[in-house]
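Enquirer: Prediction below, plus the sequence it came from.
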Amino acid sequence: MSAPTGAAPTGAGNGATALAVIEFAADGRATGHRMASPDEPQLLVSDLAATRGDGIFETISLGGGRAQALEPHLTRFGHSAAMLDLPAPDAEVWRAAVLAVADAIGPVDEGFVKIVLTRGVEGADIPTGWAFGAVSPEFTAARTEGLRIVLLDRGYRHDIAQTSPWLLAGAKTLSYAVNRSAFREAARRGADDALFVSSDGYLLEGPVSTLILTSGSRMLTPRTDLGILAGTTQYDLFEFGRERGYETAYELLTPADLTTADGAWLVSSVRHAAPVRAVDGVERPVDRALSDAMNDFLRARTE
Ligand code: PLP
């Protein structure tokens, strides 16, 4: 771990960090941002983010200091806000905050900016928001050697986004205690990560990632109407796939499809493409060359 150096951005943990706090007018409108210290308290204990996990977030990767897939992340942020009846985030304000934080972090090889919008302090009716940036952890082993995953029953049918929209399936909410719990269950079973399966037997998503399969000349991912997030990384990797001659498709997939697939990856903004090397203790082949090419493609994204 490197020690903090220099005045701004302040350093902590594995490298530089930076913070922009979104400013809101009394009517709840976002008016801009101010840079703040990431090492000092900024949140009131009565903020609904802290007391109820009532808010939304996005994590945008920085490649060479550039924010990647920023517009799709901002679009999804708006979609999550609408699902939670939060005020629509002003894309211009949030974009400027992300770019300011990226700028403060500097041209690091790999970093991220996490943007958070909460319902604010209980009773105040003014949202809270911030953009926090840091250097990314090291993911080389996951990208090259791959992940051992377990299939975990999510306990919901595949159609709950349609039947029970109040469950907020498919919104990127701050309530990730269940997602973290799934990681701990995976670790208890000797694995690195998990893949959720609907109670009626369809593959969904990882706790923080999207599934991609290759099967012959096809590149597949679970349909986005299954109460899962529409992944920005998966979207970009479908472009990679088409450039390589794959036919890409969103489908209803089952554990049997995972077993027979040529390749399987859990993909996400910061870790990028991590091949699956074992499912429930059963080893499966890893296409190292294709994984490397996917990660090179993701690293080279400029928008
Ligand atoms: N699914 C869930 C539940 C996630 O939390 C994430 C990212 O954190 C993803 C999928 C992958 O989304 P993206 O590729 O846009 O990072």
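Expert: Arrived safely, thanks for sending.
Enquirer: Let me see the contact set for residue 273.
Expert: Applying C-beta atoms under 8 Å, 6 or more residues apart in numbering to residue 273 gives the contacts 143, 212, 233, 237, 265, 267, 291, 294, 295, 298. (C-beta placed from N, C-alpha, C; glycine too.)
Enquirer: any chance you could map the helices in the stretch 201-303 of the chain?
Expert: Remark: helices assigned in the stretch 201-303 of the chain by DSSP state H, counting those that start in this stretch are 232-243, 255-260, 288-299.
Enquirer: and the shortest one, what other elements does it pack with?
Expert: The helices and strands touching helix 255-260, judged by 3 or more C-beta pairs under 8 Å, 6 or more residues apart in numbering; DSSP states H and E, are strand 210-215, strand 272-279.
Enquirer: And that helix, what's buried?
Expert: Using 16 or more other C-beta atoms under 10 Å as the test for burial, helix 255-260 gives 257, 258.
Enquirer: what's the answer for the first one, then?
Expert: By neighbour count with 16+ other C-beta under 10 Å, helix 232-243 contains the buried residues 232, 233, 234, 235, 236, 237, 238, 240, 241.
Enquirer: and the ligand, which of those reach it?
Expert: 232, 233, 234 (C-beta under 6 Å from any ligand atom).
Enquirer: Redo those as TSV? Include pLDDT.
Expert: TSV is the format used below for those (pLDDT from 0 to 100):
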residue	pLDDT
232	97
233	98
234	98
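Enquirer: Close to the ligand: what parts of this structure are there?
Expert: By the rule C-beta under 6 Å from any ligand atom, the part of the chain lying against the ligand is 59, 205, 208-210, 229, 231-234, 267-269.
Enquirer: partners of residue 116 in the sheet?
Expert: Beta bridges link residue 116 to residue 57, residue 130 when assigned by DSSP bridges.
Enquirer: For the stretch 1-150 of the chain, give me the ranges with low pLDDT.
Expert: Within the stretch 1-150 of the chain, the stretches with pLDDT under 70 are 1-15.
Enquirer: In it, which residue sits closest to the ligand?
Expert: Checking the stretch 1-150 of the chain residue by residue against the ligand with C-beta to the nearest ligand atom singles out residue 59 as nearest, at 5.7 Å.
Enquirer: Leaving out the residues flanking it, which one is nearest to that residue?
Expert: Nearest residue to residue 59, sequence neighbours excluded (C-beta to C-beta, 6 or more residues apart in numbering): residue 114, at 4.8 Å.
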